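> Mind folding the following:
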Amino acid sequence: MSGTRLKRGRRFDGASYEHPAAFRIGVGLTILGVLLQLPMFYSARSMHYQLAGMPVTGEMAIGMALTVIGVGWTAYSLFPRRQPAGLHSSQISVAPLDDAPIRPAHIALLAVIAVAITIDVMKPVAFAFLTPGAASEYGLRGPLNPHAHALPIGLYPLSGIGGTMAGSFLWGWLGDRIGRRASILLSAVIFIATSCCGTMPEYWMNLVTCFIMGLGVGGMLPITFTLLSETVPRKHRGWMMVLIGSDIAGAYIIVSWLAATWASPEHFGWRLLWLIGLPTGLILLVLNRWIPESPRFLLQHGRAEEARAVMRRYGAEVVETESEPSVEQRLRSGSAQLFTGPFLGLSAAIVLLAVSIGTTQYGFQQWMPSNLQRLGFSEANASIVLRNAAIIGFPLSVPIALLYGFWSSKKTVILVGALMSAALAAFAILGDHVADNHALLYTLLVVPVWGISILNSVLAAYTAEVYPTVVRARGSGLSAGATKAGGVFILATVAMAIAAPSSRVTAVLGVVPLALAIVALIAFGPETRHRQLESITAAELLRTH
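Reported below is the predicted structural model:
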């Protein structure tokens, strides 16, 4: 086995579990715990599924306990039995993986990752559509009821986005510690567990549950892009990642449709937007057989036989070498590596861009449904307007993906950022008068609603390419965490009533850091188009010596 001994229960396909029985038990307990909490939701059907103030039943309490135990047991099942002993020098070349032709296995992986990203992004997007309903049911202070003497509705998205920020950093560490695939599986189980956020009768319970939900959501996107970057052939890597990432806009379309139909007050109400976490999480678990571990991760952790199997699965010839990879042998495996040497300026540029995305997504986009209602649109019509804007912009993801993959990755990020800046500047200048002309409103909404999704996508793809394998998941987690940090800042100011969440104010708060980010990216960002990941790292190391 070329010096690699497989642990008991581990298969040769890169899709095994450290503790298979424990994983099945943990998932089973989690699902059972959620199911025990659903009867309470169903019992409120005569009250239009409003649960505020209802007592916690014994059945629901048992369900909560089982859910916590199930998630903990699942996390245990995915952790390696011992800490990896640093980087392992492998005699298997990763170059054939980058030059392999596209095979059905690649397409299957891309399809599964697309589903995972869509399900993941649906969670934070849902806050924009459920806050009006939650504020009404709990009697909270918000844009539609600014003078209520109660807790602000802004705490709701703040708890969720705060969780995603913490989850991005945590899952960045997990991705480099237990693997990309294991981290994705743990996120899926948390999606299932926290679907019970839709059954919580008290506002503070919603805050706690949605923070935990955010932990899983924050880690999924950066880890999936890390896995894709290390698996997809280099000539197709860029455009495929951006195109798959454009499912962020697809998630917006799905959630806005649900909000306007089944999650409307006339049907199941806003809580349905959380309860769908159960079926969507189960879908991810069913599809996990098409998610193998990254060959690069396997090689760096001494699992050569599994790496061979995954490479053959993707049509890559296994080539033995004498000294590969050598470019990363002098790099540290900790997070400090992101802020030292050649990566300091690069990390600064990425963080600036990520913060600008967060301030726009969770400032301008987050409060747009409420702002539209304040300007005279009904709750359903506000959702329809935003859904239509997302649908109009969705096809534009294809040319952006092609530009990223075949023209220039760096210039594409700058181009999309410039378009976003122009649209936000228009909203800042026009203010509430933008609603006077519906055609103009639609035109200007397309860019922020679609543009922030595609900009998020190209940043995630770009970040997954520019860092070395040993800290790639941490780098992706840094980018995702900084995005959420921008959102936490905006939502915290709204919750404390420091800034009113009008479209003009949130547009200004988004455009300023975005302009600074573009300047930083021009100065420090490398070009990644059609380059092997190891050569990008080598160039960065050479540039500083």
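
> Now do the same contact list for Ser457.
241-242, 244-246, 248, 397 (Cβ atoms under 8 Å, 6 or more residues apart in numbering). Using the backbone N, CA and C atoms, a C-beta is placed for each residue, glycine as well.

> So which other helices or strands are in contact with the helix or strand containing Val398?
Val398 belongs to helix 397-406 when assigned by DSSP states H and E. Judged by 3 or more Cβ pairs under 8 Å, 6 or more residues apart in numbering; DSSP states H and E, helix 397-406 is in contact with helix 234-245, helix 409-430, helix 438-466.

> Need the residues that contact it.
In contact with helix 397-406 (Cβ under 8 Å, 6+ apart) are residues 236-240, 242-243, 246, 249, 411-413, 415-416, 450, 453-454, 457-458, 461, 529.

> Provide a PyMOL selection command restricted to the buried entries of those residues.
Here is the PyMOL selection string for the buried members of the contacts of helix 397-406, based on 16 or more other Cβ atoms under 10 Å:
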select buried, resi 236+237+238+239+240+242+243+246+249+411+412+413+415+416+450+453+454+457+458+461+529
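
> what are the phi and psi angles of Val319?
phi -110, psi 130 (degrees, to the nearest 10).

> I figured it hits Val94, correct?
No. Here Val319 does not reach Val94: they are 9.3 Å apart, not a contact under Cβ atoms under 8 Å.

> hmm, back to that, same list (the helices and strands packed on helix 397-406) but as CSV, adding distance to Ala473 and mean pLDDT.
Converted to CSV, those look like this (distance: least, Cβ to Cβ, whole Å; pLDDT from 0 to 100):
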stretch, distance to Ala473, mean pLDDT
helix 234-245, 15, 87
helix 409-430, 20, 88
helix 438-466, 9, 82
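
> do you know which of those helices lies nearest Ser159?
When these are compared by Cβ to Cβ, helix 438-466 sits nearest Ser159, at 21.0 Å.

> in the closest one, what's buried?
Using 16+ other Cβ under 10 Å as the burial criterion, the residues of helix 438-466 that qualify are 441, 444-466.

> Run the chain-centre distance for it.
With Cα atoms, centre = their mean, to the nearest Å as the basis, helix 438-466 stands 15 Å off its chain's centre.

> and the next element down the chain from that helix?
helix 472-495.

> tilt between that next one and helix 438-466?
Computed by axes from the mean of the first three to the mean of the last three Cα atoms, to 10 degrees, the angle separating helix 472-495 from helix 438-466 equals 150 degrees.

> Give the other helices and strands that helix 472-495 contacts.
helix 155-177, helix 203-229, helix 344-359, helix 438-466, helix 503-524.

> can you tell me the average pLDDT over the longest helix belonging to the chain?
Secondary structure of the chain read by DSSP state H shows that its longest helix is helix 104-138. Helix 104-138 comes out with an average pLDDT of 86.

> Next, the angle from it to helix 234-245.
20 degrees.

> List the contacts of Ala418.
Ile518.

> And it, how far from Ser43?
53 Å (Cβ to Cβ, to the nearest Å).

> Centroid-nearest residue for the chain?
Leu221 (3.2 Å; Cα atoms, centre = their mean).

> list the contacts for it?
By Cβ under 8 Å, 6+ apart, Leu221 lies in contact with 117, 120-121, 460, 480.

> Against Leu140, how distant is Ile153?
From Ile153 to Leu140 the distance is 4 Å (Cβ to Cβ).

> neighbour count winner among those two?
Ile153 (29 against 20; other Cβ atoms under 10 Å).

> Give me the pLDDT value at the more buried one.
With respect to pLDDT, Ile153 has a value of 79.

> for Ile223, same thing?
pLDDT, Ile223: 92.

> Distance check, it against Met54.
Ile223 is 37 Å from Met54, by Cβ to Cβ.

> tell me which residues in the longest helix of the chain are buried?
105-106, 109-110, 112-138.

> Please state the offset of that helix from the chain centre?
With Cα atoms, centre = their mean, you get 9 Å for helix 104-138.

> and what of stretch 464-474?
Worked out by Cα atoms, centre = their mean, stretch 464-474 lies 16 Å from the chain centre.

> How many neighbouring residues does Ala263 have?
27.

> Could you export the helices and strands packed on helix 397-406 as CSV, including distance to Asn388?
Output for the helices and strands packed on helix 397-406, formatted as CSV (distance: least, Cβ to Cβ, whole Å):
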stretch, distance to Asn388
helix 234-245, 22
helix 409-430, 16
helix 438-466, 7
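
> closest to Trp257 out of the ones you listed?
helix 438-466 (14.0 Å).

> Now for Gly53: which residues touch it?
Applying Cβ under 8 Å, 6+ apart, the residues near Gly53 are 201-202.

> next one: phi and psi at it?
phi 90, psi -10.

> Phi and psi next, for Ile92.
phi -100, psi 130.

> Number of residues surrounding it?
Ile92 has 23 nearby residues by other Cβ under 10 Å.

> And the pLDDT for it?
79.

> Check Thr4 too.
In this model, Thr4 carries a pLDDT of 41.

> same thing with Ser183?
Looking at Ser183, its pLDDT reads 92.

> Repeat that for the one 3 residues further on.
If you check Leu186, the pLDDT there is 93.

> Quick check: it touching Leu174?
Yes. Leu186 is within contact range of Leu174, at 7.2 Å (criterion: Cβ under 8 Å).

> hey, what's in contact with both of these two?
Gly219.

> Can you name every helix or strand that the host helix or strand of Ile192 contacts?
Per DSSP H and E, Ile192 falls inside helix 180-193. Judged by 3+ Cβ pairs under 8 Å, 6+ apart, helix 180-193 is in contact with helix 20-35, helix 58-78, helix 104-138, helix 155-177, helix 203-229, helix 277-287.

> redo that, cut-off 10 Å
Other helices and strands packing on helix 180-193, by 3 or more Cβ pairs under 10 Å, 6 or more residues apart in numbering; DSSP states H and E, are helix 20-35, helix 58-78, helix 104-138, helix 155-177, helix 203-229, helix 277-287, helix 295-300, helix 472-495.

> what angle do the fifth one and helix 438-466 make?
In other words, helix 203-229. Going by the same axes, to 10 degrees, helix 203-229 makes 60 degrees with helix 438-466.

> What are the buried residues along helix 203-229?
203, 205-207, 209-229.

> ok, now the second one?
For helix 58-78, the neighbour count (16+ other Cβ under 10 Å) marks 60, 63-64, 66-67, 70-71, 73-75, 77-78 as buried.

> between that helix and helix 180-193, how many degrees?
Counting by the same axes, to 10 degrees, helix 58-78 lies at 180 degrees to helix 180-193.

> CA-only coordinates of helix 58-78 in PDB, if you can.
Presented in PDB, the C-alpha positions along helix 58-78 are these (Å, rounded to 0.1, in the frame of the first residue of the first chain):
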ATOM      1  CA  GLY A  58     -42.500  17.300  27.100                       C
ATOM      2  CA  GLU A  59     -42.300  15.800  23.600                       C
ATOM      3  CA  MET A  60     -40.600  18.900  22.300                       C
ATOM      4  CA  ALA A  61     -38.100  19.000  25.200                       C
ATOM      5  CA  ILE A  62     -37.100  15.400  24.500                       C
ATOM      6  CA  GLY A  63     -36.700  16.300  20.800                       C
ATOM      7  CA  MET A  64     -34.400  19.200  21.700                       C
ATOM      8  CA  ALA A  65     -32.200  17.000  23.800                       C
ATOM      9  CA  LEU A  66     -32.000  14.200  21.200                       C
ATOM     10  CA  THR A  67     -31.100  16.800  18.600                       C
ATOM     11  CA  VAL A  68     -28.200  18.100  20.600                       C
ATOM     12  CA  ILE A  69     -26.900  14.600  21.400                       C
ATOM     13  CA  GLY A  70     -27.300  13.600  17.700                       C
ATOM     14  CA  VAL A  71     -25.200  16.500  16.400                       C
ATOM     15  CA  GLY A  72     -22.500  15.900  19.100                       C
ATOM     16  CA  TRP A  73     -22.400  12.200  18.200                       C
ATOM     17  CA  THR A  74     -22.100  13.000  14.500                       C
ATOM     18  CA  ALA A  75     -19.200  15.400  15.100                       C
ATOM     19  CA  TYR A  76     -17.400  12.700  17.000                       C
ATOM     20  CA  SER A  77     -17.900  10.200  14.200                       C
ATOM     21  CA  LEU A  78     -16.200  12.400  11.700                       C
END
